[in-house]
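Student: Fold the following and give me the result.
(chains A and B)
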Amino acid sequence: MSKKAYDKQHPAFYALVVAMVLMAVGPIVLMLSTSLKLTVDIMSDTSGLFFLPTLHNYEAVLCKVLWYEPQSVDYCDPTFGRSLGNSLIIAITSTVLTLIIGCMAAYALVRFRFMGRDTVSLVTLMTRMVPPAVLLVPIFGIWTFQFKIDGTLVGIILIYVAMNLPFVIWILQSFIVQVPIQLEESARIDGAGPFQVFFLIVLPIIKPGLAAASIFTFRIAWNEFLLANALSNRNTRTVPVTIVNSLSEYNLDWGVIMATGMLLAIPPIIFTFVASRQIITGMTAGAVKG
Amino acid sequence: MPVIELKNLKKTYGALTVIEDLNLTMADGEFVVLVGPSGCGKSTTLRMIAGLETNTDGQILVDGKDVSALEPKERDIAMVFQDYALYPHMNVAKNMSFALRLARYKKAEINKRVTEVAAMLDLTDYLDRMPGELSGGQRQRVAMGRALVRDASIFLFDEPLSNLDAKLRGQMRAELALLSQRIEKNIIYVTHDQIEAMTLGDRIVVMKAGEIMQQGTPEELYRTPANKFVAGFIGSPTMNFLDGTLATQAGRMVVQGESYAIPLPETYSQHLAGSDGQPVTLGVRPSSFEETDSDTALPMKIILSEYIGSQSVVICEFGGQRVSIEVNSAAPVKIGETRTFAVKEAEIHLFDPDTGASLLPASKL
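Tutor: Okay, here's the model as predicted:
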């Protein structure tokens, strides 16, 4: 066992580090502890970190999906459980759609020579430069009066796909450029058609890029508030919108809100963890002589 | 196995013409080597045969059928790339069976072929490895194995050995020669290395700037190069070129240089009779000198000696020019020493200094 030698730092440095850690972790600890408390404990002046932890708040949030009927819940309010479901459907569907369309578009932009190729490449990025707030009004109008898809999951998924595509195309382009063209030529000689070249050779090689892009799109779709708030109705609200809407002037159920917040944080963590395992460098090792 | 014919093949990239008008016929089961310096169009020719590049004009005929509009997969070819092009996300066995799996062969058949080829190429122990875990030579063998399992009728090799180190290249060259005897397929092999070309090819096609300079068996190219380019390209160490003019001395044709007169053999004299005063380029291979003290011998001052083994190449200064000569290493070579060498008459080559074309009698060509 070798001991790593570190330089001794000034005590103020450690104080600063501790302060920064507290600022970062503090709110999460507060949220976690509140979510595990009964309303009595939350409201009482005396309680701090000493309380009897309970899962009642989580049972209240998940009452619809639990396999048993929680005794602590008198009336099962479906709002939070439903919004979690909505968020999952929207985030996963929009991520999958964005990746499918994005990787094909990126491949075409990199490999095919067609008129206006550079313009298309540039314009895709430019749409990314427009802030969502600017898009909000026209999209709300079109979604509501033309397409009549306001308040539907489809409407929200569609706008998320459109919003995330430019960046995904852009990020995947840089990955596809790195796939040696000889691999595709070799596959063509081995008898692969254009789609087989793409799906059997190119896609597996750019897996790290797909993973990075999927983390990005999933997190945006999961966290987005502004557009979701405008385009959803009571039944299609996502978690961020639900949380904000439940902050009313009276009868704040902090325990349930915090429990929802904790549950809101879990899927992106799992997703990021799973996807990031695909991000391995050196995917093309051994393909061609460097 | 088919006869491959290239007819008036042309390739341009925009305004740049890479191949002007190429005509070439490759016989059934022949090992043809396209050789030439970088940028001579040999790889482009190969890629057109493979279908990876479209030809601007002309025809590629396989057994009389024009294939130039067909996709690569419809041409029944297998190709080995210069930089291997192994699929990095598949192990060796998957790499080799890729084409068979695409063609929906039965699993048992795929296994049988992969095992066979792997045994042939000494890859049996590596079938589960990923390309990234293999050495350069092993990757090259996998690339070859991938072509071999296909049982295609035409094999294309695009400088397959150029990324290997010298020792491995020698080994692989020998293995390739053995392999080509065994599989008896049409092989078209592109290289810039004349040694590879000489050792492997049934027939060598020497190319320069998109044109065929000469084609023939290795021996034909070595003994009777049709022009100065081929003479200088084929053979190692390279041929010496000396400038001079034709003259008649004492009834014999000689090449007259500034400080030398090298007599030509009788057969040449008749062929070139009456061309006195014509400038020529004399070509002499380093191995065509012999040490002698006859009166036609030329004094050469040795300025450098390159020891190779049983032979040494000495670089000599002679009449203001440098000449390399192959000598037996048994006799010690002293730098600065002057020795006398004569040219073996029968091995003299003559070229037109302007066109580079050989001036030898047709019977020699």
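Student: who in chain B is up against chain A?
Tutor: Those residues of chain B that sit near chain A, judged by C-beta under 8 Å from any C-beta of the partner chain, are B:50-52, B:71-73, B:77-79, B:81-89, B:98-99, B:102-103, B:130-134, B:136, B:139, B:146, B:150, B:163. (C-beta placed from N, C-alpha, C; glycine too.)
Student: List buried residues within those residues.
Tutor: Those of these that meet the buried threshold are B:50-52, B:72-73, B:77-79, B:81-89, B:98-99, B:102, B:130-131, B:134, B:139, B:146, B:150, B:163, by 16 or more other C-beta atoms under 10 Å in any protein chain shown.
Student: quick one: contacts for residue B:24?
Tutor: Counting by C-beta atoms under 8 Å, 6 or more residues apart in numbering or on different chains, residue B:24 touches B:5, B:6, B:9, B:205, B:212, B:215.
Student: Any chance of those in TSV with pLDDT as columns?
Tutor: Shown next, in TSV, are the contacts of residue B:24 (pLDDT from 0 to 100):
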residue	pLDDT
B:5	88
B:6	90
B:9	89
B:205	93
B:212	91
B:215	91
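Student: could you redo those residues as TSV and give each row distance to residue A:213, secondary structure and neighbour count?
Tutor: Converted to TSV, the contacts of residue B:24 look like this (distance: C-beta to C-beta, whole Å; DSSP: H, G, I helix; E, B strand; the rest coil; neighbours: other C-beta atoms under 10 Å in any protein chain shown):
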residue	distance to residue A:213	secondary structure	neighbour count
B:5	49	strand	17
B:6	45	strand	21
B:9	44	strand	25
B:205	48	strand	24
B:212	50	strand	20
B:215	52	strand	21
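Student: how near is residue A:216 to chain B?
Tutor: Using C-beta to the nearest C-beta, to the nearest Å, we find residue A:216 at a distance of 23 Å from chain B.
Student: Measure how buried residue 35 is and give me the count.
Tutor: All of this refers to chain A. Residue A:35 has 25 neighbours, counted by other C-beta atoms under 10 Å in any protein chain shown.
Student: was after chain B, sorry
Tutor: Neighbour count of residue B:35, defined by other C-beta under 10 Å: 27.
Student: what's near enough to touch it?
Tutor: Residue B:35 neighbours (C-beta under 8 Å, 6+ apart): B:42, B:190-194, B:196-197, B:204-207, B:233.
Student: Return the member of those nearest to residue A:156.
Tutor: Residue A:156 lies nearest to residue B:190 out of those, by C-beta to C-beta, at 56.3 Å.
Student: which residues does the closest one contact?
Tutor: Contact analysis of residue B:190 by C-beta under 8 Å, 6+ apart lists B:33, B:34, B:35, B:42, B:43, B:45, B:46, B:156, B:157, B:158, B:159.
Student: Show me which pair in the residues you listed is furthest apart.
Tutor: Using C-beta to C-beta, these reach their maximum pairwise distance at B:35 and B:156, which is 14.6 Å.
Student: Reduced to three states, what does the closest residue to residue B:172 other than its chain neighbours come out as?
Tutor: Residue nearest to residue B:172 in three dimensions, not counting chain neighbours: residue B:161, with 5.4 Å by C-beta to C-beta, 6 or more residues apart in numbering or on different chains. Classification of residue B:161 using DSSP: H, G, I helix; E, B strand; the rest coil returns coil.
Student: Sticking with the residue nearest the centre of chain A, tell me its helix or strand.
Tutor: What sits nearest the mean C-alpha location of chain A, by C-alpha atoms, centre = their mean, is residue A:219, with 1.7 Å. Counting by DSSP states H and E, the element that carries residue A:219 is helix A:207-223.
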